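S.K.: Quick one, what's the 3D model for this:
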Amino acid sequence: MQKLIDVKDAGLPSLLNEKVILFCANYFYAGTLTGVNKTFVLLTDPSIVYETGEWGAKAWKDAQPLHVKELYVRVSMIEAYAKGK
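M.R.: Below you'll find the predicted structure:
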């Protein structure tokens, strides 16, 4: 599939200051995306999402707060990402 996009407004930087979910190799992480570079992304008020539940629900079924203010996630471990809840 070919798709024309404006790359300056695409990718992880386009989601800065948004709630996101990161689908990583081992876990799903949720939080507010507050930093992005080539190696890491920074989530503020992060949680591990153990069970998403219904995608249309207003909240994740089982998201456990990590009880840290910030979490750094390695970009190379992110398989997919999207706006979160």
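S.K.: Do you have the strands of this protein handy? List them.
M.R.: 19-24, 28-36, 40-51, 62-65, 70-74, 78-83 (DSSP state E).
S.K.: in stretch 22-36, what's buried?
M.R.: Neighbour-count burial for stretch 22-36 flags 22, 24, 28-33, 36 (criterion: 16 or more other CB atoms under 10 Å). Just so you know, the C-beta spots here come from the backbone N, C-alpha and C atoms, and that holds for glycine as well.
S.K.: what do you get for stretch 40-49?
M.R.: In stretch 40-49, counting by 16+ other CB under 10 Å, buried: 41-43, 45-49.
S.K.: Can you tell me which of the residues you listed is nearest Pro65?
M.R.: Ser47 (5.1 Å; CB to CB).
S.K.: Just give me the neighbour total for the closest residue to the closest one other than its chain neighbours.
M.R.: Spatial nearest neighbour of Ser47, chain neighbours left out: Ala63 (4.2 Å); criterion: CB to CB, 6 or more residues apart in numbering. Neighbour count of Ala63, defined by other CB atoms under 10 Å: 22.
S.K.: Dump the buried residues of stretch 22-36 into CSV; add pLDDT as well.
M.R.: Compiled in CSV, these are given as follows (pLDDT from 0 to 100):
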residue, pLDDT
Leu22, 98
Cys24, 97
Phe28, 98
Tyr29, 98
Ala30, 98
Gly31, 98
Thr32, 98
Leu33, 97
Val36, 95
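S.K.: Check the residues you listed against Lys58 and report the nearest one.
M.R.: Proximity of the buried residues of stretch 22-36 to Lys58 (CB to CB) peaks at Ala30, which lies at 13.2 Å.
S.K.: for stretch 41-59, the distance to its chain's centre please.
M.R.: 8 Å (CA atoms, centre = their mean, to the nearest Å).
S.K.: thought the residue nearest to Ser47 was touching Pro46?
M.R.: No - using CB atoms under 8 Å, Ala63 makes no contact with Pro46, being 9.6 Å away.
S.K.: intersection of neighbour lists for the two?
M.R.: Residues touching both Ala63 and Pro46 (CB atoms under 8 Å, 6 or more residues apart in numbering): Ala30.
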